[in-house]
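Student: Make a model of this:
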Amino acid sequence: MKFCIIIPARYASTRFPGKPLADIGGISMIQRVWEAASASTNHSGIAVATDDERIASHVGAFGTAIMTSSLHPSGTDRCMEAYEKSGFDADVIVNIQGDEPFIKPEQINALVAMFENPQVQIATLKKKITAEEDIDNPNVVKVVTALDDKALYFSRSRIPYNRENDNDPQYYRHIGMYAYRTSVLKEITQLPPSSLELTEKLEQLRWLENGYYIAVAETQWQSPAVDTPDDLEKARLFLAK
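Tutor: Residues are numbered from 1 along each chain as shown. Predicted coordinates for the structure are as follows:
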């Protein structure tokens, strides 16, 4: 199974402009993501997809940057353009967000392994929720899966809902790393926004509504993502532990 890794990285974040270039322990966040991704085994190529020359110039010192349009509505669309420009030969494209500096290469390998099942079109990750306050936190996306690990639904709400309160369900958070069969990535970037997607503001619901098979592998690792300057301080403390 040949796979490549694309890391979408925008400069113009509303909550944290210039985020990919933020310093974490003497190394930029985007370089930390690159180094973690590079440690995964047997990838056929890795590139940062960006719409900003400052990020491209910085990445050029240690890796490959591909300039993409500034008009893409999501990282998924940016991944598709970057792959088409990259010259990579891959059956599967792995999308790692540029604000996940502490991902584990084992997580990438787990995503790619899901495609040993020929039915799988898209793969992502989940982790058990251990903090009660996360279950009803709309910023923590939940996922429920079938017995064969196929995604049934993603939601910002508590799912499943314990109606009689006589059960002790396990809740899972969605970890937003994705991998796609190359042909599938091209297809899903052509789909219009769907009703469920617009309601929950979750892009993956568009794929479910259109019948795509999303496999979900369980991971034991949840790295702190960096969405705001406050998150950056938490990341620095996390690194110092």
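
Student: Spell out the residue ranges of the strands in the protein.
Tutor: Shown for the chain, the strands assigned by DSSP state E span residues 3-9, 23-24, 27-28, 43-50, 65-67, 92-95, 122-128, 142-145, 151-155, 172-181, 214-218.

Student: For residue 205, which of these is the nearest?
Tutor: Nearest of the strands of the chain to residue 205, taken as CB to CB: strand 151-155 at 6.1 Å. No exception for glycine: its C-beta is placed from N, CA and C like everyone else's.

Student: helices or strands next to that closest one in the packing?
Tutor: strand 142-145, helix 204-209, strand 214-218 (3 or more CB pairs under 8 Å, 6 or more residues apart in numbering; DSSP states H and E).

Student: Who does that strand pair with, and is each partner parallel or antiparallel?
Tutor: When pairing is defined by DSSP bridges, strand 151-155 lines up against strand 142-145 (antiparallel).

Student: Please write out the alpha-carbon positions of the partner strand in PDB.
Tutor: Output in PDB follows, covering the C-alpha atoms of strand 142-145 (Å, rounded to 0.1, in the frame of the first residue of the first chain):
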ATOM      1  CA  LYS A 142     -18.000  12.400  19.300                       C
ATOM      2  CA  VAL A 143     -18.200   9.300  17.000                       C
ATOM      3  CA  VAL A 144     -20.100   6.000  17.200                       C
ATOM      4  CA  THR A 145     -19.000   3.000  15.100                       C
END
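
Student: I figured residue 158 was touching residue 171, is that so?
Tutor: Yes - using CB atoms under 8 Å, residue 158 is in contact with residue 171, at 7.3 Å.

Student: higher neighbour count, these two?
Tutor: residue 171 (20 against 16; other CB atoms under 10 Å).

Student: so what's the most centrally placed residue in the chain scoring on pLDDT?
Tutor: Nearest residue to the geometric centre of the chain (CA atoms, centre = their mean): residue 177, 2.5 Å. Reported pLDDT at residue 177 in the predicted model: 93.

Student: For the remainder of this discussion, apply numbering that starts at 14.
Tutor: Let's use 14 as the start, then, which means that last one is residue 190.

Student: So which residues of the chain form helices?
Tutor: Secondary structure of the chain (DSSP state H): helices located at 42-51, 66-72, 88-99, 118-126, 145-148, 195-201, 208-213, 217-222, 242-253.

Student: which strands and helices sit next to the third one?
Tutor: Using 3+ CB pairs under 8 Å, 6+ apart as the contact criterion, the neighbours of helix 88-99 among helices and strands are strand 16-22, strand 56-63, strand 78-80, strand 105-108, helix 195-201.

Student: tilt between that helix and strand 16-22?
Tutor: 120 degrees (axes from the mean of the first three to the mean of the last three CA atoms, to 10 degrees).

Student: Now do helix 88-99 against strand 185-194, angle only.
Tutor: 30 degrees.

Student: Tell me which of the helices of the chain lies nearest to residue 232.
Tutor: Closest to residue 232 of the helices of the chain is helix 118-126 (CB to CB; 5.4 Å).

Student: coming back round to it: could you export the strands of the chain to TSV, including columns for distance to residue 216?
Tutor: Shown next, in TSV, are those (distance: least, CB to CB, whole Å):
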stretch	distance to residue 216
strand 16-22	12
strand 36-37	27
strand 40-41	26
strand 56-63	16
strand 78-80	21
strand 105-108	11
strand 135-141	11
strand 155-158	14
strand 164-168	10
strand 185-194	9
strand 227-231	11
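
Student: circling back: in JSON lines: the helices of the chain, plus distance to residue 156 and mean pLDDT.
Tutor: Compiled in JSON lines, these are given as follows (distance: least, CB to CB, whole Å; pLDDT from 0 to 100):
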{"stretch": "helix 42-51", "distance to residue 156": "23", "mean pLDDT": "94"}
{"stretch": "helix 66-72", "distance to residue 156": "30", "mean pLDDT": "97"}
{"stretch": "helix 88-99", "distance to residue 156": "17", "mean pLDDT": "95"}
{"stretch": "helix 118-126", "distance to residue 156": "14", "mean pLDDT": "95"}
{"stretch": "helix 145-148", "distance to residue 156": "13", "mean pLDDT": "94"}
{"stretch": "helix 195-201", "distance to residue 156": "18", "mean pLDDT": "97"}
{"stretch": "helix 208-213", "distance to residue 156": "12", "mean pLDDT": "97"}
{"stretch": "helix 217-222", "distance to residue 156": "9", "mean pLDDT": "98"}
{"stretch": "helix 242-253", "distance to residue 156": "22", "mean pLDDT": "84"}
